[in-house]
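Give me a model of this one.
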Amino acid sequence: MGAYRRAYEQERTDPEAFWAAAAREVEWTRPPERILDASAPPFYRWFPDAELNTCANALDRHVAAGRGDALALVYDSPVTGTSRRYTFAQLTDEVARAAGALASLGVGRGDRVIVYLPMIPEAVVAMLACARLGAVHSVVFGGFAAPELAARMDDARPKVVVSASCGIEPTRLVPYKPMMDAAIELAVHKPAGCLIVQREQHRCDLVAGRDHDWDALVGSAPPLAPVPVAATDPLYILYTSGTTGRPKGIVRDNGGHAVAMSWSMRNVYGIGPGDVMWAASDIGWAVGHSYTVYAPLLVGATTVLYEGKPVGTPDAGAFWRVIADHGVNVLFTAPTAIRAIKKEDPAAELVGRYDRTTLRALFLAGERLDPATYEWASGALGLPVVDNWWQTETGWPICAAPLGLEPLPLKAGSPSVPMPGYDVRVLDAAGEEVPRGTEGAICIRLPLPPGALPTLWEDDERYVASYLSAFDGYYLTGDGGYVDDDGYLFVLGRTDDVINVAGHRLSTGSMEAVLAAHPAVAECAVVGVADPFKGQVPRGLVVMKSGTEITPDVLAAELVARVRAEIGPVASMRRVDVVAALPKTRSGKILRRTMRELADGRSPAIPSTIEDAAVLDALRPVLLPDT
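Alright, predicted model coming up:
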């Protein structure tokens, strides 16, 4: 029995012993005596009687162990032409003073702080400072527009918002402060204070009495010691799109998160003290939380924070330059990034210009890794290219090839095998497990392992309804697929209307709400269609109200602009078609899946419940690719 199979079986047969052993890699202020509280299913809690501080585990303990001079964080910013390096001692001091600054604004244990920052060191510092205080951070990706930010403010009710004067893109500056101000104006809940990082590329005006300059307040603040919290206390809230358009606040607890991050860092990614990990993901997303900020620091590794793009900063060799400059051992990014690099450098000529001898593996996640991208990356790098599948909700891989345990064979199109703690089953509509090779709904038998969400923020009912109600005793992933004869999982796509745009999960329902709000729109639908670079992009279809004088072209342009303003550029909504009617069932349900399959170039079976097949036939010229 290999190391992977041995670990998986140990966890399956005695999960409490397995995770008790894993928990010994974490420093507790009160070690766990109970490992799993299963007294109130489906609400399972790991390490219910334990106490710790996540920031102390990520920083202070390494300094105390004599590794204060070891490199903790590398900031590499081709968009500004600058870089910074922080040792564990330096980062600990910066975080301790940022915690003091937040405390001076009234932030304490259990309070929420929204972090709305670009990819700069202050973002990492702010997150860790919240953890140090026992406060709960909620990072909002800078690409979200004011209404989306306001919705998160009203749900999390933050005491403080940490933001910046601007973000910097390869071709433009993005003023953050006006978007933050607009969100506060829209929100019912108003934060008591705002902490603003002033960037020299574009400074902003501060609101007297509410806004505080980061450098001034943090620079004068006293350093604060870590505050112990219960292992079951929330570390952060990370919002993900819901199928209703209302964002869902994924809760991550402190204890289970620290244990899962430590175990996965060593065993999945093969990273430990002194290694260099680069997760090229924005900190607004789950990968950025897990594998840019927390996991590398928890195990004493160096993490790379990159403010740039895979192409255009300055070219398609940017990733390989960062690897060479900083001695990266593992790169973790999204297939979208590799497809963008492949498009600009199809012969992989730029790959060979840089020293990549430190690189051991490329991990890809966030969307399906298509075989063509897998083959290109494998050939260009000559290294393991590991697809790993997980979700914001789980926080770490459900399936992967665990390089830290053993080098399993890799299969194009598959994220390999389930990790310990994930009892993955493929079920039919009746909840029965299907034979291998048969497609069905991918589910995970409860309890979920440490690190996965215990619930949604202040909404247990929605947690059960969203994830646990479809099949008794199972977590519904929302993805469909099958398991092959070797036990490898193949994930084929989403089963709901949340689409994956370049690794960003976005609700088509929220986009439909924007389209439907236009006075000229009678009804609409948004479907995610396949895209060679982003994985999926949204396509809008609208039916105009009778007697409307606006032309279809003008309406389409206005709708695209509205989505950009209210959802954000990240939605990548570039095409809206005005059509005569939408295909529906007799009960009035719009046939989104059928339209999506047509737009992907497939030949879908026409549902027997369709009200008028002629409507679908009329849409074919609009929906077919390249028309």
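
for Leu598, helix, strand, or coil?
Classification of Leu598 by DSSP: H, G, I helix; E, B strand; the rest coil places it in helix.

For it, give me its contacts.
For Leu598, the residues meeting the contact criterion (Cβ atoms under 8 Å, 6 or more residues apart in numbering) are Pro604, Leu616, Leu619, Arg620, Leu623, Leu624. (Glycine included, C-beta is placed from N, CA and C.)

In JSON lines, list those along with neighbour count and secondary structure.
Written out in JSON lines, the entries for the contacts of Leu598 read as follows (neighbours: other Cβ atoms under 10 Å; DSSP: H, G, I helix; E, B strand; the rest coil):
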{"residue": "Pro604", "neighbour count": "14", "secondary structure": "coil"}
{"residue": "Leu616", "neighbour count": "22", "secondary structure": "helix"}
{"residue": "Leu619", "neighbour count": "22", "secondary structure": "helix"}
{"residue": "Arg620", "neighbour count": "11", "secondary structure": "helix"}
{"residue": "Leu623", "neighbour count": "23", "secondary structure": "helix"}
{"residue": "Leu624", "neighbour count": "12", "secondary structure": "coil"}
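
What is the nearest of the residues you listed to Ala502?
Of all those, Leu623 has the smallest distance to Ala502: 22.1 Å, by Cβ to Cβ.

Let me see the contact set for that closest one.
The neighbours of Leu623, taking Cβ under 8 Å, 6+ apart as the test, are Arg539, Met595, Leu598, Ala599.

swap the cut-off to 10 Å and go again
With contact taken as Cβ atoms under 10 Å, 6 or more residues apart in numbering, Leu623 is in contact with 527, 529, 539, 541, 577, 579, 583, 594-601, 616.

hang on, Val299 packs against Val276?
No. Counting by Cβ atoms under 10 Å, Val299 does not reach Val276; the two are 12.0 Å apart.

These two: which has the busier surroundings?
When Val299 and Val276 are compared on other Cβ atoms under 10 Å, the one with more neighbours turns out to be Val299, at 24 against 21.

And that one, what's its pLDDT?
pLDDT recorded at Val299 is 98.

just the buried members of the contacts of Leu623?
Burial by neighbour count, judged by 16 or more other Cβ atoms under 10 Å, picks out 527, 529, 539, 541, 579, 583, 594-600, 616 from those.

biggest separation within those, which pair?
Val579 and Asp600 (17.8 Å).

Could you pull up phi and psi at Trp320?
Listed backbone geometry of Trp320 is phi -70, psi -30, with angles given as degrees, to the nearest 10.

Do you know the pLDDT at it?
For Trp320, pLDDT reads 98.

Spatially nearest residue to it (excluding sequence neighbours)?
In space, Trp320 comes closest to Tyr354 once its chain neighbours are excluded; the distance is 4.0 Å by Cβ to Cβ, 6 or more residues apart in numbering.

That neighbour is in contact with Gly317, isn't it?
Yes. With contacts counted by Cβ under 10 Å, Tyr354 reaches Gly317, the gap being 6.5 Å.

what is in contact with these two at once?
Ala324.

between those two, who's got more neighbours?
Neighbour count, other Cβ under 10 Å: between Tyr354 and Gly317, Gly317 has more, with 20 against 17.

Was I right to think that one contacts Arg356?
No. Counting by Cβ under 10 Å, Arg356 is not a contact partner of Gly317; they are 11.1 Å apart.

list the residues that contact both of those two?
By the contact definition Cβ under 10 Å, 6+ apart, Gly317 and Arg356 are jointly contacted by Ala324.

mind giving me the domain ranges of this structure?
83-227, 498-623 (automatic domain parsing).

ok now the shortest one, how far from the chain's centre?
The reference is to domain 498-623. Taking Cα atoms, centre = their mean, to the nearest Å, one finds domain 498-623 lying 25 Å from the centre of the chain it belongs to.

least reliable of the domains of the chain going by mean pLDDT?
Least confidently modelled of the domains of the chain is domain 498-623, at a mean of 83 by mean pLDDT.

Now do the buried residues in stretch 537-556.
Taking 16+ other Cβ under 10 Å as the neighbour-count basis, stretch 537-556 is seen to contain the buried residues Val537, Pro538, Arg539, Gly540, Leu541, Val542, Val543, Met544, Leu555, Ala556.

if we can go back for a sec, what's the closest of the contacts of Leu623 to Leu71?
If you rank these by distance to Leu71 using Cβ to Cβ, Val529 comes first, at 43.4 Å.

Val160 contacts Lys190, doesn't it?
No. Counting by Cβ under 10 Å, Val160 stays clear of Lys190, with 11.3 Å between them.

circling back to that earlier point, may I see the contacts of Leu598 organised as a markdown table, with distance to Ala72 added?
What follows is the contacts of Leu598, written out as a markdown table (distance: Cβ to Cβ, whole Å):
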| residue | distance to Ala72 |
| --- | --- |
| Pro604 | 51 |
| Leu616 | 57 |
| Leu619 | 55 |
| Arg620 | 56 |
| Leu623 | 50 |
| Leu624 | 52 |
